[in-house]
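Undergrad: sequence first, predicted coordinates after that:
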Amino acid sequence: MTREIPRLSGGGTRFGHLMELRHDPVGLFRRVRRECGELGVFRMLDRDVVFFSGPAAQEVFFRQPDEVFDPQPTSNELMRPIFGPGVVYDVPPEKRRDMMASPALREKNLRKSAETIAHETERMAKTLGDAGEIDLLDFTAELTIYTSSACLIGPAFREALTPEFSKKYFELEVGTDAIGYLNSQVDIEAFRVRDRARERLVELVGAVIAERRRMTDPPRDLLGILLSLRDGDVPRYSTSVITGILVSTMFAGHHTSAGTAAWTLVELLRGGQMKRVTEELDHIYADGRDVSFQALREIPHLENAVKEALRLHPPLIWLPRTALVDFPYQGFVVPKGTIVAISTALSNMDPDCFADPGRFDPDRFAPPREEDAKHPWAYVPFGGGRHRCLGANFALMQQKAIFSVLLRQFEWSLVDEPASYVDNYSAMVVRPRQPFRVRYQRRTPHEERNAA
């Protein structure tokens, strides 16, 4: 006998639970888990959302193929204005996989990417001077635009970028408001910011394209390849579509890496772990080998700190998909056409899987605890199953390369009260709430510190 999936209390207005999802998504997900168990229903306007929670239910969720739970119908409405028509979620699954697979993410190319990331971090570090104060998120957002563009598109494209590109790209992500899953054309400020930013990005990329077309021997990077494709005498892709492809190529690597780098540094400071990680880096680099080599090796304390920052602050608050068939689970049936979802933020804080889950504790990932290995369907900052982030290894390497430069060159401290550093959940792409300020002081050379 089929059981009825429990429904979350409230949501009696015409918006259902949509406003709660927009303003307090983690609180909403916690309520579903508490009131309904591992399967529960809440409403977004006139759409039911079946929420899966707990490792067992999430394993089932992640193991389903696109023919059962497909991310495309749910995400396309939200992301089409950001990427543009005919890009990523607006194309068939097989074409989407081809678009999202970058050679830079392959294991054999990671060392070259580590070298590039270290170089870009050194360039940004030189702009800081010997001491000062910065908004850390602004800094990491600009840095990761440069690293992502250089690694995933090509050095020539990166050299054409200015800080304005980073700012407009950052504004584009403001457009991931939850309303966009249902109607991405509603007249709200987040979508107005998004649309203005995309228009400007098309202008900026258009200027780069115009310069490329004047070259007699243009670079053969991703942009060069896209420009070379033609259907007869007609270019295959418009400037708008090329912009969308470039934006989508950098999207995951940018928003994940910018927020994670900012949070890792802040959590190291307020969690009392900075000294241990800095000493680890000083020891590892004492043999004189460069970042491109060391970032591919284990750096245990730093790696665990990054993983813990991702656990506490996953960049995507939830992962929604659409059920393409009637789906049975534990005596329930999820109807065809229903939105289905899990929350990385809720899962990563599951007290049944993570001891004292609200505490920054990188050692939870070290032997013998290894809480992530013991609960692989609970620790899901990169998703899971066939849709696990293709760039997970690249992302970890990028963090190691960035901090191999920043922590060995500078000492850092918080500007504001530790508890004031929090996440901003106003969009589905989560980022630290600004201002997110830190102070820095350039370190003396290692030999001078030892002699002092």
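TA: Good, I have the coordinates. Just so you know, these numbers come straight off a predicted model, no measurement behind them.
Undergrad: hey, let's count contacts and neighbours off CA atoms from now on
TA: Fine.
Undergrad: tell me the domain ranges of this protein?
TA: Following automatic domain parsing, one gets these domains for the chain: 1-92+316-347, 102-314+385-451.
Undergrad: now the end-to-end length of the first one.
TA: It refers to domain 1-92+316-347. From its first residue to its last, domain 1-92+316-347 covers 30 Å (CA to CA, to the nearest Å).
Undergrad: quick one: residues contacting the closest residue in space to residue 84 that isn't next to it in sequence.
TA: Leaving aside its chain neighbours, residue 84 sits nearest to residue 244 (5.4 Å; criterion: CA to CA, 6 or more residues apart in numbering). Applying CA atoms under 8 Å, 6 or more residues apart in numbering, we find residue 244 in contact with 82-84, 87.
Undergrad: minimum distance to residue 364: which of the domains of the chain has it?
TA: Proximity to residue 364 (CA to CA) singles out domain 102-314+385-451 among those, at 8.1 Å.
Undergrad: assign a three-state SS to residue 286, would you?
TA: Three-state call for residue 286 (DSSP: H, G, I helix; E, B strand; the rest coil): helix.
Undergrad: do you know how far the closest residue to residue 33 other than its chain neighbours is from residue 60?
TA: Leaving aside its chain neighbours, residue 33 sits nearest to residue 53 (6.6 Å; criterion: CA to CA, 6+ apart). Between residue 53 and residue 60 the computed distance is 10 Å (CA to CA).
Undergrad: who has more neighbours out of these two?
TA: Shown here are residue 53 and residue 60; by other CA atoms under 10 Å, residue 53 has more neighbours (27 against 13).
Undergrad: where's that one relative to residue 298, distance?
TA: For residue 53, the distance to residue 298 - CA to CA - is 32 Å.
Undergrad: spatially central, which residue of the chain would that be?
TA: The chain has residue 256 as the residue nearest its centroid, 2.4 Å off, counting by CA atoms, centre = their mean.
Undergrad: is it correct that that one falls within a helix?
TA: Yes. Membership of residue 256 in a helix is supported by three-state DSSP.
Undergrad: can you pull the contacts of it?
TA: 315, 395.
Undergrad: let's have the chain start at 31 instead
TA: Got it, the first residue is 31 from now on, which makes the last one we talked about residue 286.
Undergrad: ramachandran coordinates for residue 435?
TA: Here is the backbone geometry of residue 435 (degrees, to the nearest 10): phi -90, psi -50.
Undergrad: wait, it sits on residue 148?
TA: Yes. Assessed by CA atoms under 8 Å, residue 435 is found in contact with residue 148 at 6.8 Å.
Undergrad: more neighbours, the two?
TA: Shown here are residue 435 and residue 148; by other CA under 10 Å, residue 148 has more neighbours (24 against 19).
Undergrad: tell me the confidence at the closest residue to the more buried one other than its chain neighbours?
TA: With CA to CA, 6+ apart as the criterion, residue 148 has its nearest non-adjacent residue at 5.6 Å, and that residue is residue 431. In this model, residue 431 is scored at 96, pLDDT.
Undergrad: mind listing the helices for the stretch 331-480 of the chain?
TA: Taking DSSP state H, counting those that start in this stretch, the helices of the stretch 331-480 of the chain run over residues 374-377, 401-404, 422-439, 476-481.
Undergrad: what about stretch 304-317, average pLDDT?
TA: 96.
Undergrad: sort out which residues of that stretch are buried, please.
TA: Neighbour-count burial for stretch 304-317 flags 304, 307-308, 310-311, 314 (criterion: 16 or more other CA atoms under 10 Å).
Undergrad: since that was my last question, I'll sign off now.
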